[in-house]
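[1] Structure for this input, please:
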Amino acid sequence: MQLSVIIVNYNVKYFLEQCLCSVQKAMAGLAGEIIVVDNHSSDNSIGYLSPRFPEVQFIANKENTGFARGCNRGWQNAKGKYILFLNPDTIIPEDGLQLCLAFMESHPDAGAIGVKMLDGSGKFLKESKRAFPSPMTSLYKLFGLAKFFPRSKIFSKYHFGHLDENENNEVDVLAGAFMMISKKLLEKTGGFDEAFFMYGEDVDLSYRIQKEACPGTEGNYKNYYFAGTRIIHFKGESTRKGSMNYVRMFYTAMSIFVRKHYGGSRAGLFNFLIHTAIWFRAGLSALSGFIRKIGLPLIDAGLILLSFWVMKNIWADYVRTDTAYEKRLLWIAFPAFTLFYLIAAYYAGLYDRWYKRTELVRSTLIATIVLLAAYALLPEQYRFSRGIVLFGAILAFALISILRWILVMTKVLNSTSGKEEQSNIIIAGSAKEYDQTMQLLKEAGLHQRVLGRVAVQENDETAIGNWKDLEQLSVTIPSREIIFCQGALSFADIIRGIQNLPRGMVAKFHAAGSSSIVGSDSKNTSGESVSIENGYKLADPYNRRLKRLLDIGISILGIITFPLQLFIIKKPFSFFANCLAVLFAKKTWIGYARVQKNLPPLHPGILTCNGIPVSAKQQFPDESLQMMNYWYARDYEPTVDLKLVWRMYRKLGE
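    Below you'll find the predicted structure:
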């Protein structure tokens, strides 16, 4: 057997689906095998993929053992002369494996080879070729000198910036995302060092490969960067780059490598630099994470309070100079106004993953209108000027807008600026592929955004244009997203095509026979997938917030009226315990009829979505319960929860 392809998967089933489609095409004509090692994914990866790829060997780990151990388990079960370690978030061309094998056969001193990698937007990934980390190399990278001098042999040595990305070269480190190596050499080196959980294991193996003597030559094995083929590596799907987890794992891996291979004062200096980097990057990551998850509402609250207080002082000093405002009243009113604005902002989606200016406008308008209306109903002694409320809201809006702009510019927040244009989609494929992709988009609820089909054949005049003329089409057609359908177009065609996309256009990929579409805007943003799961209303953050609000509201009402419930509800004390469990997000009032991994996640329910207490025995077969879960998630409406709670009110303690 010529080749064994080893893929370690963790919770990226749709990216893996596209990857396997491309690998199967590339394996045509080769004697080989594909082995997927699943690291205990929670997204039902094996259940979803194994029926679609019966010829692929799936190995299921009972826990997440890490990338290195997963790779080792894969190649130890492999039969190929050569082993290819491949990431699940990659797409390879049809001729890629044959070209790599030919290079290996013609270079006896090649211990391992890597290839030219592109991110999801077609940009070259510098990680394709790297040097071994040294104190000075790492220092230049840490302080940004590599970024300022990208072609320097000294300052940009970490990514071998002086080497042409379009030429074959001998390098130090190959990326584990695509690393081809002979099985004999793997057996000599022992494979990946399992002390590395994730990151650094490719650096360590690359180092040990170069220490092995190459039979038939006077030197050792070499690592080659092979520019004769290229792949797409969406990058960072399993662990989001920039997260605290990424920082911890990456720099811990570097520290392990240094302790293992460097000695003396060099190791001491390097470890000092690494730990400096860990604390520096961890601090930035922690600050960024705090702002995104917790700090942002707190900062907003401070800006809103400041705005009302400043406007009160302006109003008292320059507008209503004869009016005295009771401080005790202001100390109650302003925090109450602030809390109301924050609640409105939360339910408008202002604290979602993406920042949208429209959400800030909407939440400010709704909160201001409701406050002014409620203000008018207050007794005279509790009122002060409406102008303070109105102009305080305007000032708060301005300050929060400036804050969001700063956070977007510094990339602490992701903005959806231009998303309205990007949401318009064109599809590159044949008429049949267009219909199939439209059906998938329809199931995902995204078909309304499609503007039309782009032809992939020269004489096809039934489309709005040809895929080779995207630059001209982008001027006249308001689309910023293209879905490439593999079929009439080869994977190799698509990989070449994304390198020439018009500026600002985003690409996604759909392989023939697959049930998903995947893509990623850049190496720094986690990828996105489109599948039938996108069509679940329960997956929408807005609906999830409403469901949580209902849970909280019902729980608080149940606790307040508990003495009354003693005479109405069966098992009232269990009901009280359920109220507390739901209030503290341990349970939800309405949950699934049975555990199902491929649906939007929910806490365990008090009642199931078919209105039966969880403790009661279901009279329906599993297939029916699965369909009930599916319909509940797909068509979710908050009123459904209310109706079920009302209907089963007396049994909420069971």
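
[2] Arg496 belongs to a strand?
    No. Per DSSP: H, G, I helix; E, B strand; the rest coil, Arg496 lies outside any strand segment and is helix.

[3] Now do the host helix or strand of Glu187: distance to the chain's middle.
    In the assignment (DSSP states H and E), Glu187 maps to helix 183-189. Relative to its chain's centre, helix 183-189 lies at 35 Å (C-alpha atoms, centre = their mean, to the nearest Å).

[4] Stretch 113-123 now?
    The answer for stretch 113-123 is 19 Å, by C-alpha atoms, centre = their mean.

[5] can I get the CA coordinates of it in PDB?
    Output of stretch 113-123 as PDB, limited to C-alpha atoms (Å, rounded to 0.1, in the frame of the first residue of the first chain):
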ATOM      1  CA  ILE A 113       7.500  17.200   3.200                       C
ATOM      2  CA  GLY A 114       4.900  19.900   3.600                       C
ATOM      3  CA  VAL A 115       3.100  22.000   1.000                       C
ATOM      4  CA  LYS A 116       2.000  25.500   0.300                       C
ATOM      5  CA  MET A 117      -1.100  26.300   2.400                       C
ATOM      6  CA  LEU A 118      -3.700  28.900   1.800                       C
ATOM      7  CA  ASP A 119      -6.300  30.200   4.200                       C
ATOM      8  CA  GLY A 120     -10.000  30.300   3.400                       C
ATOM      9  CA  SER A 121      -9.700  33.500   1.500                       C
ATOM     10  CA  GLY A 122      -6.800  32.300  -0.600                       C
ATOM     11  CA  LYS A 123      -4.000  34.100   1.200                       C
END
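
[6] Buried residues of it, list them for me.
    Buried residues in stretch 113-123, counting neighbours by 16 or more other C-beta atoms under 10 Å, are found at Ile113, Gly114, Val115, Lys116, Met117, Leu118, Asp119, Gly120, Ser121, Gly122. For every residue, glycine as well, the C-beta is placed using N, CA and C.

[7] now swap in stretch 367-383 and tell me
    Of all the residues in stretch 367-383, those buried under the rule 16+ other C-beta under 10 Å are Ala367, Thr368, Leu371, Tyr375.

[8] between the residues you listed, which is closest to Gln18?
    Ala367 (43.2 Å; C-beta to C-beta).

[9] which helices and strands sit right next to the helix or strand hosting that closest one?
    Ala367 belongs to helix 357-377 when assigned by DSSP H and E. The contact analysis (3 or more C-beta pairs under 8 Å, 6 or more residues apart in numbering; DSSP states H and E) places helix 357-377 against helix 327-348, helix 386-409.

[10] after the helix holding Glu187, next one along is what?
    helix 201-209.

[11] looking just at contacts, which helices and strands does that following helix meet?
    helix 67-76, strand 110-118, strand 178-182, helix 183-189, helix 244-261.

[12] hmm, what's the outermost residue in the protein?
    Going by C-alpha atoms, centre = their mean, the residue of the chain most distant from its centre is Asp322, 56.6 Å out.

[13] how close does it get to Trp315?
    Look at Asp322 and Trp315: by C-beta to C-beta, to the nearest Å, they are 12 Å apart.

[14] okay, who's weakest in the buried residues of stretch 367-383 by pLDDT?
    The lowest pLDDT within those belongs to Tyr375, which sits at 70.

[15] Would you mind measuring from it to Arg453?
    From Tyr375 to Arg453 the distance is 54 Å (C-beta to C-beta).

[16] What of Lys116?
    Separation of Lys116 from Arg453 (C-beta to C-beta) stands at 30 Å.

[17] Equivalent analysis for Ser615, please.
    53 Å.

[18] Go through the buried residues of stretch 367-383 and name the one nearest Asp641.
    Ala367 (25.3 Å).

[19] now the stretch 151-300 of the chain, which segments are flagged as low pLDDT?
    Within the stretch 151-300 of the chain, the ranges that satisfy pLDDT under 70 run 197-199, 235-271, 273-294.

[20] packing partners for the one helix or strand Phe226 maps to?
    Per DSSP H and E, Phe226 falls inside strand 222-233. In terms of contacts (3+ C-beta pairs under 8 Å, 6+ apart), strand 222-233 is packed against strand 90-91, helix 96-106, strand 110-118, strand 169-171, helix 491-498.

[21] Centre of the chain to the first one, how far?
    In this case it means strand 90-91. For strand 90-91, the distance to the chain centre is 16 Å (C-alpha atoms, centre = their mean).

[22] just the longest one next, same as before
    Distance of helix 96-106 from the chain centroid (C-alpha atoms, centre = their mean) equals 33 Å.

[23] can you check the fourth one too?
    In terms of C-alpha atoms, centre = their mean, the centre of strand 169-171 is found 32 Å from the chain centre.

[24] just for the stretch 501-650 of the chain, where's the confidence low?
    Looking at the stretch 501-650 of the chain by pLDDT under 70, you get 521-527, 532-535, 597-598.

[25] quick one: the helices in it?
    With helices called from DSSP state H, counting those that start in this stretch, the stretch 501-650 of the chain shows them at 541-560, 562-565, 572-583, 622-634, 638-647.

[26] want to throw these into a markdown table with distance to Pro150?
    Below are the helices of the stretch 501-650 of the chain laid out as a markdown table (distance: least, C-beta to C-beta, whole Å):
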| stretch | distance to Pro150 |
| --- | --- |
| helix 541-560 | 38 |
| helix 562-565 | 66 |
| helix 572-583 | 54 |
| helix 622-634 | 47 |
| helix 638-647 | 52 |
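
[27] Trp405: which of those is closest?
    Nearest to Trp405 among these is helix 541-560; the distance by C-beta to C-beta comes to 22.6 Å.

[28] List the contacts of that closest one.
    346-347, 349, 352-353, 537-538, 565, 575-576, 579-580, 582-583, 585, 588-589, 600, 636, 638, 641-642, 645, 652 (C-beta atoms under 8 Å, 6 or more residues apart in numbering).

[29] 7 Å instead, please
    Helix 541-560 is contacted from outside by 346-347, 349, 352, 537-538, 565, 575, 579, 582-583, 588-589, 636, 638, 641-642, 645, using C-beta atoms under 7 Å, 6 or more residues apart in numbering.

[30] Can I get the buried part of those residues as one ChimeraX selection?
    In ChimeraX, a selection of the buried entries from those looks like this (16+ other C-beta under 10 Å):
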select :347,349,537,538,565,575,579,582,583,588,589,636,641,645
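
[31] returning to what we had before: send the alpha carbons of the helix holding Glu187 over as PDB?
    Extracted C-alpha coordinates of helix 183-189, given in PDB (Å, rounded to 0.1, in the frame of the first residue of the first chain):
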ATOM      1  CA  LYS A 183       6.300   4.900   7.900                       C
ATOM      2  CA  LYS A 184       9.800   3.500   8.400                       C
ATOM      3  CA  LEU A 185      11.100   6.900   9.500                       C
ATOM      4  CA  LEU A 186       8.100   7.200  11.800                       C
ATOM      5  CA  GLU A 187       9.000   3.900  13.400                       C
ATOM      6  CA  LYS A 188      12.600   5.100  13.800                       C
ATOM      7  CA  THR A 189      11.600   8.400  15.500                       C
END
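
[32] Does anything pack onto that helix? Which helices or strands?
    On a contact count with 3 or more C-beta pairs under 7 Å, 6 or more residues apart in numbering; DSSP states H and E, helix 183-189 meets strand 82-86, helix 201-209.

[33] Which strands or helices does the shortest one pack on?
    Strand 82-86 makes packing contacts with strand 3-9, strand 178-182, helix 183-189 when contacts are defined by 3+ C-beta pairs under 7 Å, 6+ apart.

[34] now for these, which one comes closest to Glu623?
    strand 3-9 (27.2 Å).

[35] Give me the helices and strands touching the helix or strand following that closest one, please.
    Using DSSP H and E, the helix or strand that follows strand 3-9 towards the C-terminus is helix 13-26. On a contact count with 3+ C-beta pairs under 7 Å, 6+ apart, helix 13-26 meets strand 3-9, helix 45-49, strand 90-91, strand 517-519.

[36] distance between the helix or strand that helix 13-26 is followed by and the chain's centre?
    Next helix or strand after helix 13-26 toward the C-terminus (DSSP H and E): strand 32-38. Computed by C-alpha atoms, centre = their mean, the separation of strand 32-38 from the middle of its chain amounts to 24 Å.
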